[in-house]
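**Q** Provide a 3D model corresponding to the input given below.
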Amino acid sequence: MNIQKQRPRVEDLRNHSEEQLAELQVLLEMGAPMRADTRRPGFFEVEGPMNVYYIFKYPAGTKVLLIGVWERDRVAELAGCSCPAA
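**A** Residues are numbered from 1 along each chain as shown. Now for the predicted structure:
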């Protein structure tokens, strides 16, 4: 028996661009790592190559609500990697 996994269904709560929605859809389908928001159950950050997505993922089902998007800060990431820990 062959069971197919359902694609995540992304619902945009704001007016994000088609490119952002498409990138998030691909990330979710690939099983990209999600960083849980420790203060809010069900909320996650998903990092893409250009953007970070803040989403709510329903515990049961495939529906995902896109709450916010921001560009990744490459300078901060590089600075964090180049400074030795104290």
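
**Q** tell me the buried residues in the longest helix that the chain contains?
**A** Taking DSSP state H as the criterion, the chain has its longest helix at helix 18-30. Within helix 18-30, the residues scored as buried using 16 or more other CB atoms under 10 Å are Gln20, Leu21, Glu23, Leu24, Gln25, Leu27, Leu28. Yep, even glycine has a C-beta here, placed from its N, CA and C like the rest.

**Q** run a quick neighbour tally on the residue lying closest to Lys57 once chain neighbours are set aside.
**A** Nearest residue to Lys57, sequence neighbours excluded (CB to CB, 6 or more residues apart in numbering): Val64, at 5.2 Å. Using other CB atoms under 10 Å, Val64 has 21 neighbouring residues.

**Q** the longest helix of the chain: how far from the chain's middle?
**A** Chain-centre distance of helix 18-30: 9 Å, with CA atoms, centre = their mean, to the nearest Å.

**Q** for stretch 41-61, same thing?
**A** On CA atoms, centre = their mean, the centre of stretch 41-61 falls 4 Å from the chain's centre.

**Q** and that stretch, C-alpha only, in CSV?
**A** C-alpha atoms of stretch 41-61 as CSV (Å, rounded to 0.1, in the frame of the first residue of the first chain):
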residue,chain,number,x,y,z
PRO,A,41,3.2,26.6,21.5
GLY,A,42,2.6,25.9,17.8
PHE,A,43,4.7,28.9,16.6
PHE,A,44,7.9,28.3,14.7
GLU,A,45,10.7,30.1,12.7
VAL,A,46,11.7,28.6,9.4
GLU,A,47,14.9,29.8,7.8
GLY,A,48,15.2,30.1,4.1
PRO,A,49,18.2,31.2,2.0
MET,A,50,16.9,34.8,1.9
ASN,A,51,14.2,35.1,4.5
VAL,A,52,13.1,33.9,7.9
TYR,A,53,9.4,32.9,8.2
TYR,A,54,7.3,33.1,11.4
ILE,A,55,4.5,30.6,11.2
PHE,A,56,1.8,28.8,13.2
LYS,A,57,1.5,25.1,12.5
TYR,A,58,-1.7,23.4,13.4
PRO,A,59,-0.9,20.3,15.5
ALA,A,60,-3.3,18.1,13.6
GLY,A,61,-3.4,18.5,9.9
